[in-house]
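S.K.: sequence below, structure please.
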Amino acid sequence: MNEVLPVRHRHATVEADGVRVFYREAGPADAPVLLLLHGFPSGSHQFRRLMDVLGDRYRLIAPDYPGFGRTEAPAGFTYTFDRLADVTEAFTDALGLDRYALYVFDFGAPVGLRLATRRPDRVTGLIVQNGNAYEEGLSAGAREFIARRREVPGDEEAVRDLFTLGGTRFQYEAGLADPTRLDPAAPALDQYFLDLPGRADAQADLAFDYRSNVELYPTWQAWLREHRPPALVLWGVGDPFFTAAGAKAYLRDLPEAELHLFEDAGHFALETHLPELTPPIEAFLAKALAGEARS
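M.R.: Next up, the predicted model:
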């Protein structure tokens, strides 16, 4: 029997729009590209096990946004979702990525869909995992969070409660039927980066800018209807922020998309349910990227 060796991850930094972007990479340099866009409060490390699974067939690239992980942003950087997309777009230019499929999770959806509407010719496929783009996908708690305003007394304190270890654990554990499936190192690593100097301020700025994403939902939905990218939608149903209604809504604009709901998973479904998510991901990429020949 041949021994199965783990895929070797590479990591590096590259200058993009004045930001020193840290990223992880795995797979052959000439293989079809899957750009992995992480969520809050995580980073590129959330894709580490998926890279082991797929890194023998695809070029997998996962950057950290400014304000996350090991990416270094200059003093005075403006933390908005538009700026996260600006830096991520510049990052793809710096690496010469002119064709890629997108895997978007949580914050990765507003970042990735901004990229898609700016450079629609680059997107070869779309995997959405608990990444919302529809108002009906917002839970009551999410709506309350998005409605908060910095100028309202008490709202900033309520927002910053989410950046504590308790808030981070809540995001991982809420809606998860079997807590033993969660590696406690995952929220602990996220909290380490959240606790770095200046990070809570950056995350508060992004939290108060989240409304800009909701305002762009109609634009992103129009892009989906017009371009009809091959799409796979994966959703942990126990997500306390983004409901299964948001997953099903993608089928309105992408009727040929494939949808998988995971009833016993929460927001971080990839972290806890990799064995269940892997088969549909592998099947989707094999079909969607079949025409993306190696250069």
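S.K.: for the protein, which segments count as helices?
M.R.: 48-54, 81-94, 108-118, 140-146, 155-160, 165-173, 185-194, 199-209, 211-227, 244-253, 269-272, 274-288 (DSSP state H).
S.K.: state the mean pLDDT of the second one.
M.R.: Averaging pLDDT along helix 81-94 gives 98.
S.K.: helices or strands up against it?
M.R.: If contacts are counted by 3 or more C-beta pairs under 8 Å, 6 or more residues apart in numbering; DSSP states H and E, helix 81-94 sits against strand 10-16, strand 19-26, helix 108-118, helix 199-209, helix 211-227. The C-beta positions use only the backbone N, C-alpha and C, and glycine is treated the same way.
S.K.: re earlier: please identify the most buried of the helices of the chain.
M.R.: Among the helices of the chain, helix 269-272 has the highest mean neighbour count (mean count of other C-beta atoms under 10 Å), at a mean of 26.
S.K.: and that helix, C-alpha only, in PDB?
M.R.: In PDB, the C-alpha atoms belonging to helix 269-272 read as follows (Å, rounded to 0.1, in the frame of the first residue of the first chain):
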ATOM      1  CA  ALA A 269     -19.100  23.900   9.300                       C
ATOM      2  CA  LEU A 270     -15.700  23.400   7.500                       C
ATOM      3  CA  GLU A 271     -13.900  23.200  10.800                       C
ATOM      4  CA  THR A 272     -16.200  20.500  12.300                       C
END
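S.K.: ok, back up a step: want to throw the helices and strands packed on helix 81-94 into JSON lines with mean pLDDT?
M.R.: Converted to JSON lines, the helices and strands packed on helix 81-94 look like this (pLDDT from 0 to 100):
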{"stretch": "strand 10-16", "mean pLDDT": "90"}
{"stretch": "strand 19-26", "mean pLDDT": "97"}
{"stretch": "helix 108-118", "mean pLDDT": "98"}
{"stretch": "helix 199-209", "mean pLDDT": "98"}
{"stretch": "helix 211-227", "mean pLDDT": "98"}
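S.K.: got JSON lines for those, with distance to R149 too?
M.R.: JSON lines is the format used below for these (distance: least, C-beta to C-beta, whole Å):
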{"stretch": "strand 10-16", "distance to R149": "31"}
{"stretch": "strand 19-26", "distance to R149": "28"}
{"stretch": "helix 108-118", "distance to R149": "19"}
{"stretch": "helix 199-209", "distance to R149": "7"}
{"stretch": "helix 211-227", "distance to R149": "9"}
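S.K.: figure out which of those is closest to D56.
M.R.: Among those, the nearest to D56 by C-beta to C-beta is strand 19-26 (8.7 Å).
S.K.: relative to helix 81-94, how tilted is the closest one?
M.R.: Angle, strand 19-26 to helix 81-94, by axes from the mean of the first three to the mean of the last three C-alpha atoms, to 10 degrees: 60 degrees.
S.K.: who are the packing partners of strand 19-26?
M.R.: Applying 3+ C-beta pairs under 8 Å, 6+ apart, we find strand 19-26 packed against strand 10-16, helix 48-54, strand 59-63, helix 81-94.
S.K.: what's the neighbour count on G96?
M.R.: Look at G96: counted by other C-beta atoms under 10 Å, it has 6 neighbours.
S.K.: picking up where we left off before, nearest to L234, out of the helices and strands packed on helix 81-94?
M.R.: Using C-beta to C-beta, the helices and strands packed on helix 81-94 put helix 108-118 closest to L234, at 12.3 Å.
S.K.: before we move on, the earlier item: as TSV, the helices of the chain with distance to H9 would be great.
M.R.: Converted to TSV, these look like this (distance: least, C-beta to C-beta, whole Å):
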stretch	distance to H9
helix 48-54	6
helix 81-94	17
helix 108-118	19
helix 140-146	33
helix 155-160	33
helix 165-173	22
helix 185-194	15
helix 199-209	24
helix 211-227	30
helix 244-253	29
helix 269-272	16
helix 274-288	16
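S.K.: T243 contacts G137, correct?
M.R.: Yes: taking C-beta atoms under 8 Å as the definition, T243 is a contact partner of G137 at 5.5 Å.
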